[in-house]
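# the amino acid sequence is not available; the structure is as follows:
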């Protein structure tokens, strides 16, 4: 499943402009602890979190994640979006819970 | 340490106390440099993780410091040096889950006590020297 297909399937809001949404999502994680994501992240992941500060972009960029999904309707700062665009990291937002997003992604074959 | 000064490439990144906004820039710069040098991607990944953890630690815990990345023909050395305050109990600081980070820092998703264990896990050798009132130096090496 690509980031673009995920946006359509789960009616997510695309917050960043100019990033590559044709990327394949190779896995996922639901976590708000940055050190844990740093330790366990792998390239191409979709990271579901309620954290939305600048360091989220740094972690996502170091791991070359496919996208970051800010869940539960949490607000994302304009600074974070700007930084993500600069780093080429796609940031999505969703009113759904992390649990539901992960479940639906899994159902659609992201494992 | 005899190889210091004979590194093929060296890059230095300064980290200010409490500056979370730019944390990760050093790790990103190191990652890009190593990628350009054609270093194996799994090594690049381990150096990037260790650099990021060191950078965050400098921002959270130190009074300021720097990261120095040196590339030698057979290995990469990453040194994190700060100007204080030093670690009171190194054994405790290395324990997974132990952290002295503030509640504010924890709310950002840091301070889980995983930083130094992560650095140790990522590197092929890990050495920590610290003196209260003086500072901490962590030297990590990655075999190529």
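Thanks, I have it. Worth saying up front: this structure is predicted, and the values here are computed from it rather than measured.

# okay, CA-based contacts and neighbour counts for the rest of this
OK.

# and the most far-flung residue of chain B relative to its centre, how far from chain A?
Ranked by distance from the centre of chain B (C-alpha atoms, centre = their mean), the top residue is residue B:103, with 22.1 Å. With distances taken as C-alpha to the nearest C-alpha, to the nearest Å, residue B:103 is found 13 Å from chain A.

# what does chain A put close to chain B?
A:32-36, A:38-39, A:51, A:53-55, A:58-59, A:61-63 (C-alpha under 8 Å from any C-alpha of the partner chain).

# mind redoing it with 10 Å?
A:31-39, A:41-43, A:50-59, A:61-63, A:79-80, A:87 (C-alpha under 10 Å from any C-alpha of the partner chain).

# ChimeraX command to pick out the buried ones of those residues?
The ChimeraX selection below is limited to those of the residues of chain A next to chain B classed as buried (16 or more other C-alpha atoms under 10 Å in any protein chain shown):
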select /A:31,32,33,34,35,36,37,38,39,41,42,43,50,51,52,53,54,55,56,57,58,59,61,62,63,80,87
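
# which ones among the residues of chain A next to chain B are found in helices?
A:34-39, A:54-59, A:61-63, A:79-80, A:87 (DSSP state H).

# need the contact list for the residue of chain B found nearest chain A.
Relative to chain A, the nearest point of chain B is residue B:109 (4.4 Å; C-alpha to the nearest C-alpha). Contact analysis of residue B:109 by C-alpha atoms under 10 Å, 6 or more residues apart in numbering or on different chains lists A:31-37, A:50-51, A:53, A:55-56.

# would you list these in a markdown table and tack on distance to residue B:32 and pLDDT?
Output for the contacts of residue B:109, formatted as a markdown table (distance: C-alpha to C-alpha, whole Å; pLDDT from 0 to 100):
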| residue | distance to residue B:32 | pLDDT |
| --- | --- | --- |
| A:31 | 26 | 97 |
| A:32 | 26 | 96 |
| A:33 | 25 | 94 |
| A:34 | 21 | 94 |
| A:35 | 21 | 87 |
| A:36 | 22 | 91 |
| A:37 | 20 | 95 |
| A:50 | 28 | 97 |
| A:51 | 25 | 96 |
| A:53 | 23 | 94 |
| A:55 | 18 | 94 |
| A:56 | 18 | 96 |
